[in-house]
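1. prediction below, plus the sequence it came from.
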Amino acid sequence: MKAKEDSELPGVWVAYGTLLQHLRKRAGLNQQGLGEAIGYSLEQVASVEQGRRPAKETFTIAAERALEAGGVLDVLQGEVDRAKLPRFFRNFALIEAEVLSRFSYDPLLVPGLLQTEAYARAVFAGHCPPFSKEIVDQHTEARLGRQRLLTRDPLAELSFIIGEEALRNPVGSVEVVREQRQHLLEVGALRNVEVQVMPTGGGFHTGLDGPFVLVETSELRRLGYIESQEVGCIVSDPEDVSGFGLRYGKLRSQALNAQESARLIERLVGET
């Protein structure tokens, strides 16, 4: 597993590491000296320089200051973070970060944009075949990084329809589930976010074919996205995207409204 992970190191990590090494040598520092200057170990600095470990934002901020880098490391940070995402999702992540609106239906799990750190870790820890701890850490960090979309300026219009089964499914410990439910209430109170619950036992509805996402880009273009078993597909055909829009409209009318959904989630919080 380790050999495979090393053979698939993202190019941007390697490029960042090469640039960091150049800046360090220009400043007359060895790896130990840079580590001491920015509060990281020699092993951590070496791993970043070799592209084996992605630099975190705190690492980049400290290195920029210590090496007087003039922002050249910072401009790579977004791509470094994006490369922590699963490979199949990276292209859509580029689109998602700039959307004007994003509507999604998730029947079985709390959507990634609304997951707490503990819930996300529980999801990645259950992956088959198992992820290494390092990959779990990287995917979790990247998922939390995507959540900037919730509060970025300008605000995006965001709608989430979540299956009741996803809210009741005990992913992680009792504490993890309680924290996740409470987090949904907090995020749902944001003025640009609407959270609706699709109740179980309501018979047929248009979401039974599976989860999907519908976005509007900054160029006013509408796109869809579907994902299953680590295969992601961006849908651009106007007829198909139109179908997504029609189905999502139906789902919004069939789900509990935002107030009813919040009351249901509050009851579930009380049950944990």
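-> Structure's in. What do you need?
2. outline the domain layout of the chain.
-> What automatic domain parsing lists as the domains of the chain is 2-82, 87-271.
3. I'd like those as a markdown table, with mean neighbour count and mean pLDDT appended.
-> To be clear about C-beta, it is placed using only N, CA and C from the backbone, and glycine gets the same treatment. Converted to a markdown table, the domains of the chain look like this (neighbours: other Cβ atoms under 10 Å; pLDDT from 0 to 100):
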| stretch | mean neighbour count | mean pLDDT |
| --- | --- | --- |
| domain 2-82 | 16 | 91 |
| domain 87-271 | 16 | 96 |
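4. end-to-end on stretch 188-200?
-> Start-to-end span of stretch 188-200 (Cα to Cα, to the nearest Å) is 20 Å.
5. any chance you could list what contacts that stretch?
-> 105, 107, 114, 150-151, 155-165, 167, 184, 187, 205, 207, 251-252, 254-258, 260-262, 264-265 (Cβ atoms under 8 Å, 6 or more residues apart in numbering).
6. just stretch 142-151 next, same as before
-> Here stretch 142-151 has contacts from 81-82, 84-85, 93, 96-97, 99, 102, 112-115, 117, 120, 156, 158, 187, 190, 192-193, using Cβ under 8 Å, 6+ apart.
7. chain center to that stretch: distance?
-> 6 Å (Cα atoms, centre = their mean, to the nearest Å).
8. using CSV, list the CA coordinates for it.
-> What follows is stretch 142-151, C-alpha atoms only, in CSV (Å, rounded to 0.1, in the frame of the first residue of the first chain):
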residue,chain,number,x,y,z
ALA,A,142,-9.2,18.3,2.1
ARG,A,143,-12.9,17.7,2.9
LEU,A,144,-12.8,20.3,5.6
GLY,A,145,-11.0,22.7,3.3
ARG,A,146,-13.9,22.4,0.8
GLN,A,147,-16.2,23.8,3.4
ARG,A,148,-14.9,27.3,2.8
LEU,A,149,-17.6,27.3,0.2
LEU,A,150,-20.2,27.7,3.0
THR,A,151,-19.0,31.1,4.0
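9. okay, and the nearest residue to residue 124 once chain neighbours are set aside sits in which element?
-> Nearest residue to residue 124, sequence neighbours excluded (Cβ to Cβ, 6 or more residues apart in numbering): residue 136, at 4.6 Å. Residue 136 belongs to helix 133-146 when assigned by DSSP states H and E.
10. after that helix, which helix or strand is next?
-> Downstream of helix 133-146 (by DSSP H and E), the next one is strand 157-163.
11. so what touches the next helix or strand after that next one?
-> Next along the chain after strand 157-163, taking DSSP H and E as the criterion, comes helix 164-168. By Cβ under 8 Å, 6+ apart, the surrounding residues in contact with helix 164-168 are 106-110, 181, 184, 197-200, 264-265, 268.
12. looking at these, which are in strands?
-> 106, 197-198 (DSSP state E).
13. next one: residue 151 relative to residue 18, how far apart?
-> Using Cβ to Cβ, to the nearest Å, residue 151 is found at 34 Å from residue 18.
14. what's the answer for residue 213, then?
-> Distance from residue 213 to residue 18, by Cβ to Cβ: 35 Å.
15. now residue 25
-> Counting by Cβ to Cβ, the gap from residue 25 to residue 18 is 11 Å.
16. what's the answer for residue 54, then?
-> For residue 54, the distance to residue 18 - Cβ to Cβ - is 14 Å.
17. what of residue 241?
-> For residue 241 relative to residue 18 (Cβ to Cβ), the value is 40 Å.
18. all helices of the protein, in order?
-> 2-7, 11-26, 31-38, 42-49, 57-67, 74-82, 90-96, 117-125, 133-146, 164-168, 174-188, 238-254, 258-271 (DSSP state H).
19. turn these into JSON lines, columns for distance to residue 220.
-> JSON lines is the format used below for those (distance: least, Cβ to Cβ, whole Å):
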{"stretch": "helix 2-7", "distance to residue 220": "39"}
{"stretch": "helix 11-26", "distance to residue 220": "29"}
{"stretch": "helix 31-38", "distance to residue 220": "43"}
{"stretch": "helix 42-49", "distance to residue 220": "39"}
{"stretch": "helix 57-67", "distance to residue 220": "31"}
{"stretch": "helix 74-82", "distance to residue 220": "23"}
{"stretch": "helix 90-96", "distance to residue 220": "13"}
{"stretch": "helix 117-125", "distance to residue 220": "32"}
{"stretch": "helix 133-146", "distance to residue 220": "22"}
{"stretch": "helix 164-168", "distance to residue 220": "31"}
{"stretch": "helix 174-188", "distance to residue 220": "26"}
{"stretch": "helix 238-254", "distance to residue 220": "13"}
{"stretch": "helix 258-271", "distance to residue 220": "26"}
